[in-house]
Structure formats: structure tokens, C-alpha cells
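[1] have a look at this prediction, sequence included:
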Amino acid sequence: MQRLGGAAILMKNAEVIYLSGDEISRIKPLEPFNDTVCEFFAELSKRLQKDREALNYPDVLSFAFYCRKGNIAKIKQQLNIQELRIGKGLIFHIAPSNVPVNFAFTYLFGMLAGNANVVRVSTKDFPQVKIICRVMNELFQNEKYDIIKEHTAIIQYAHNKEVTDFFSSKADIRVIWGGDSTINEIRKSPIPSRCTEVTFADRYSFGIFDVNTILNESEEDLKKIADGFYNDTYLMDQNACSTPHMIFWRSNGSTTDFLNAQERFWKAVNSSAKKYDLADIKVSDKYVALCKAAIDLKADFEVTTYDNLLYVLSLKNAPMQIEQLRGKYGMFYQWEIHDLEEICPLITNTVQTCVVHGINKADIGRMIVKNNLTGIDRIVPVGHSLDIGVIWDGYDLIRQFTRIVHTF
């Protein structure tokens with residue numbers, strides 16, 4: 001059993017707020033999917049799904065749905081861990097500032113792997129964070145969850161290198177969410193030589209849609225697809241690393257069909273986006289992004305606007321360095337292709353998620369392997385780009401967060 005000394009003294013000199021849990025005084029690694037841990041998250045799931053405040057936040061309910069008893073059992077079964085494993089010790093997580101409930105997922109993965117967890121959340125005032133922490137604290141009143149409480153510190157502090165230095169110096173694993181600049185800044189705080197680091201850098205995502213499939217969808221099914229695309233993109237203001245910015249349309253060779261399909265789809269998306277909170281600042285920022293695109297691309301596109309809710313930029317020439325083609329608040333790029341392999345030269349290791357509709361996911365997987373591509377870690381249907389899981393950015397997080405006890 002390892003002890004984490006010195007935290008109390010440090011906290012007297014820094015503005016560190018404990019939102020849930022407390023100072024971690026001991027570290028007692030557990031086996032993955034420990035029964036008490038699984039029971040805790042199953043109870044957390046039930047309570048969040050019944051909580052009046054939580055009902056106002058779809059992302060909180062998504063987390064609650066993910067950590068329900070049946071899903072955790074399914075994850076355990078799918079991972080099918082055969083070797084003897086145990087948590088590595090203490091994980092210091094730095095959660096991103098643009099996805100409120102990410103802190104809960106990274107904490108969940110660390111706990112399922114059997115570790116103690118210090119999770120730094122953003123200083124932004126997210127009600128989702130408060131709701132989840134409040135319900136966790138209610139559960140911590142039950143002494144049967146003492147081992148969970150002792151392994152939990154959800155903290156909040158303004159950028160303070162001394163605090164980051166301290167927790168980094170005690171970590172067995174450091175997990176950094178938030179992009180390249182955050183990673184570079186946190187890395188100024190050294191970690192022990194045995195500490196491993198998992199980073200989630202800036203990534204880019206796109207979609208591939210089939211023209212014939214969109215043309216043949218019923219109005220009811222098209223609405224479901226558009227609603228799913230809205231959830232993939234607008235819900236996070238297109239800020240999430242897995243949200244698509246570019247749509248490649250696999251054409252059947254007919255220009256008329258391509259034009260009809262993309263018009264049908266984008267009109268449906270615009271209809272779904274009527275519920276989007278398009279604040280004035282978002283309107284101006286999106287217009288500035290459009291003007292910047294016109295400069296960068298030398299106006300080498302045609303733009304179709306659907307009110308202020310949706311801008312679609314149709315590229316006239318083949319896109320290059322697609323990671324630079326980023327929209328915001330409902331601005332997307334599109335390009336027509338005739339064969340999937342046309343996009344291979346565009347795929348670098350910055351590409352994370354490929355959202356598909358009417359495209360065989362296995363075909364994309366085979367294309368990645370056949371062409372020795374360094375990018376695309378996830379291939380998901382429309383409506384699922386934000387679905388986080390224990391396999392993320394190409395990492396198997398449960399195995400990444402544990403060590404093997406090898407016997408021979």
C-alpha cells in the first residue's frame with residue numbers, strides 16, 4: 001500500500017477545491033472490474049437517471065447510461081482479460097475544458113482499471129460537473145464505498161504549476177486531455193521514471209456518406225440521420241475532436257444525384273438545427289471563420305447558407321491538408337469522391353474518427369490496413385461520433401491503466 005504524502009501542506013498554499021472525494025492518503029491498487037467499483041457505478045447510474053437536475057443535461061444522462069450495470073458487464077466481457085492484472089497505482093487526469101462530462105468518463109476508466117484517481121476539472125462553471133460530483137458525494141456517505149472514496153479526488157484549481165508538479169510527481173500514470181498546447185504545458189511538470197503517460201492530442205474527424213443511400217432514405221429515417229448528425233456536431237459547437245468537419249460524398253457518377261442528395265441531407269440538418277442556441281457571438285465567429293476560409297482557400301469553393309444556422313462550403317478542387325478545414329457552430333466542408341481510396345492521401349495521424357452512412361465500416365478498416373494509413377482510429381455510424389468508450393484514440397484504456405502480474 002502506497003501513501004500520498006505532502007498534499008495537505010501544498011493545498012494550504014494553493015486554491016485547490018475538492019469537488020468530490022478527498023485528499024488521497026493511501027493507494028491500494030485493485031483488480032480490474034472490482035465488484036465494489038462496479039456496484040458503485042451501477043448505483044451512480046441509477047441515481048443520476050432519477051435526479052431532477054440531471055434530467056436537464058443529455059450528456060449527464062449519457063454518462064449515466066454508459067456506466068449502468070449491464071453495460072459495464074458487457075465491457076468486461078468484450079475485453080476478455082485473461083492475464084492477471086492489477087491497477088498501476090495513482091492516475092493524475094487533466095480533463096479538457098470543452099467537454100463537461102469527460103472528467104467522469106476518464107475517472108470511470110481509471111476506477112474500472114483498479115487505480116486511485118486525482119482528476120483535475122476545468123475551472124469553468126459547468127453544472128454537469130456539479131451534478132455528478134454531488135451524487136457521488138451522496139454515495140460516499142455509505143461506508144461500503146469507503147475504498148472508492150479513498151481512491152477519489154475530483155479537484156479544481158486555476159493553472160498552478162506547483163500543484164501540477166506535485167500530483168505529477170506522485171503519479172504512476174498521467175492522462176492529459178485537451179490538445180497539443182495543453183500537453184506541452186503539462187509536460188513542463190516532470191513525472192517519475194516509471195510513470196507512463198497517455199495523451200489525447202488535437203485530432204481531426206470527417207464523414208463519408210453514400211449518395212444513393214441518402215436519396216433512398218424515407219423522410220422519417222432521414223430525420224433520424226439528421227438528428228444524429230446534429231448530435232455529432234452542434235451539441236459541442238464542433239469543438240470535440242471526434243466531430244466531423246468535412247463530408248466526403250461517395251458518388252454514383254451522376255452530378256444530378258450528388259446535388260440532390262447533398263441538398264436533401266443539408267436541408268434535413270438545417271431543420272434539426274432549429275433547436276440550436278445560435279447566440280450572436282456564434283453568428284459573428286462563424287462568419288469570421290467563413291471569411292478566413294475564403295482567404296486561405298482563395299475562395300476556391302461555393303458556399304450555400306441555410307439561414308445563419310448552417311453554412312456548407314463545396315470545394316471546387318481536391319482538398320489537401322484537411323485538418324486545416326475546420327468549421328464551427330454549423331459550418332461544414334464537402335467534396336465528391338467516386339472511390340474510397342481517393343481520400344487515402346489525405347489521411348494523416350491527426351485523423352481520429354470517420355463517421356459513415358451507407359458505407360461499409362469493414363471496407364474502411366480494410367482500406368486503412370491495405371494502404372498502411374497512420375490515421376483513423378474510429379469508424380462509427382452517424383449519431384455516434386461523441387460516444388466515448390474504453391477504446392479511445394487507438395488506446396485500450398483498461399489495459400493501458402493496468403500492469404500484468406506475469407507468472408511462468
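    Nice, thanks for sending it over. Residues are numbered from 1 along each chain as shown.
[2] ok, and what's touching stretch 394-408?
    Identification of contacts with stretch 394-408 by CB atoms under 8 Å, 6 or more residues apart in numbering yields 32, 79, 81, 83-88, 91, 109-110, 112-115, 173, 196, 198, 377, 390-391. Every C-beta, even on glycine, is put in place using the N, C-alpha and C of the backbone.
[3] buried ones among the residues you listed?
    In the contacts of stretch 394-408, burial by neighbour count holds for 32, 79, 85-88, 91, 109-110, 112-115, 173, 196, 198, 377, 390-391, counting by 16 or more other CB atoms under 10 Å.
[4] which ones among those are found in strands?
    85, 86, 87, 91, 173, 196, 198, 391 (DSSP state E).
[5] any idea which of the residues you listed is closest to residue 122?
    residue 91 (17.8 Å; CB to CB).
[6] contacts only, for the closest one.
    Counting by CB under 8 Å, 6+ apart, residue 91 has contacts 110, 115, 116, 117, 118, 171, 172, 173, 174, 175, 401.
[7] considering these, which possesses the most neighbours?
    Each of these was scored for neighbours by other CB atoms under 10 Å, and residue 116 scores highest at 31 neighbours.
[8] re the thing from before, so can I have JSON lines of the contacts of residue 91 showing pLDDT and distance to residue 384?
    Below are the contacts of residue 91 laid out as JSON lines (pLDDT from 0 to 100; distance: CB to CB, whole Å):
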{"residue": "110", "pLDDT": "98", "distance to residue 384": "23"}
{"residue": "115", "pLDDT": "98", "distance to residue 384": "28"}
{"residue": "116", "pLDDT": "98", "distance to residue 384": "31"}
{"residue": "117", "pLDDT": "98", "distance to residue 384": "26"}
{"residue": "118", "pLDDT": "98", "distance to residue 384": "30"}
{"residue": "171", "pLDDT": "98", "distance to residue 384": "32"}
{"residue": "172", "pLDDT": "98", "distance to residue 384": "32"}
{"residue": "173", "pLDDT": "98", "distance to residue 384": "27"}
{"residue": "174", "pLDDT": "98", "distance to residue 384": "29"}
{"residue": "175", "pLDDT": "98", "distance to residue 384": "23"}
{"residue": "401", "pLDDT": "98", "distance to residue 384": "24"}
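[9] ok, so of those residues, who is nearest residue 136?
    Using CB to CB, these come closest to residue 136 at residue 117, 11.7 Å.
[10] quick one: the closest one from residue 108, how far?
    Counting by CB to CB, to the nearest Å, the gap from residue 117 to residue 108 is 9 Å.
[11] may I have the secondary structure class of the spatially closest residue to residue 198 that is not a sequence neighbour?
    Once flanking residues are discounted, residue 198 sits nearest to residue 175: 4.8 Å by CB to CB, 6 or more residues apart in numbering. At residue 175 the chain is in strand, as set by DSSP: H, G, I helix; E, B strand; the rest coil.
[12] what about residue 175, distance to residue 115?
    Distance from residue 175 to residue 115, by CB to CB: 10 Å.
[13] can you report phi and psi for the nearest residue to residue 111 once chain neighbours are set aside?
    Among residues not flanking residue 111 along the chain, residue 37 sits closest, at 5.2 Å (CB to CB, 6+ apart). Main-chain torsions, residue 37, degrees, to the nearest 10: phi -60, psi -50.
[14] tell me the contacts of residue 37?
    Shown in contact with residue 37 (CB under 8 Å, 6+ apart): 30, 111, 112, 114, 148.
[15] packing partners of the helix or strand hosting residue 367?
    For residue 367, the host element (DSSP states H and E) is helix 361-370. Contacts defined by 3 or more CB pairs under 8 Å, 6 or more residues apart in numbering; DSSP states H and E place helix 361-370 against strand 378-381.
[16] direction included, what does the strand it packs on pair against?
    Strand 378-381 has the following strand partners under DSSP bridges: strand 351-357 (parallel).
[17] ok now the partner strand, how far from the chain's centre?
    13 Å (CA atoms, centre = their mean, to the nearest Å).
[18] show residues contacting that strand.
    With CB under 8 Å, 6+ apart as the contact definition, strand 351-357 has outside contacts at 203-210, 213-214, 225, 229, 232, 241-242, 244, 322-323, 364, 375-382, 384-385, 393.
[19] of those residues, which belong to strands?
    Here DSSP E is the test, and these give 204, 205, 206, 207, 208, 209, 210, 244, 378, 379, 380, 381 as lying in strands.
[20] OK, contacts around the first one?
    Contacts were defined as CB under 8 Å, 6+ apart; by that measure residue 204 touches 241, 245, 322, 323, 326, 350, 351, 352.
[21] now tabulate these in a markdown table and tack on distance to residue 56, pLDDT and neighbour count.
    Shown next, in a markdown table, are the contacts of residue 204 (distance: CB to CB, whole Å; pLDDT from 0 to 100; neighbours: other CB atoms under 10 Å):
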| residue | distance to residue 56 | pLDDT | neighbour count |
| --- | --- | --- | --- |
| 241 | 25 | 92 | 24 |
| 245 | 29 | 97 | 20 |
| 322 | 36 | 93 | 21 |
| 323 | 35 | 93 | 17 |
| 326 | 30 | 95 | 18 |
| 350 | 35 | 95 | 18 |
| 351 | 34 | 97 | 21 |
| 352 | 29 | 97 | 24 |
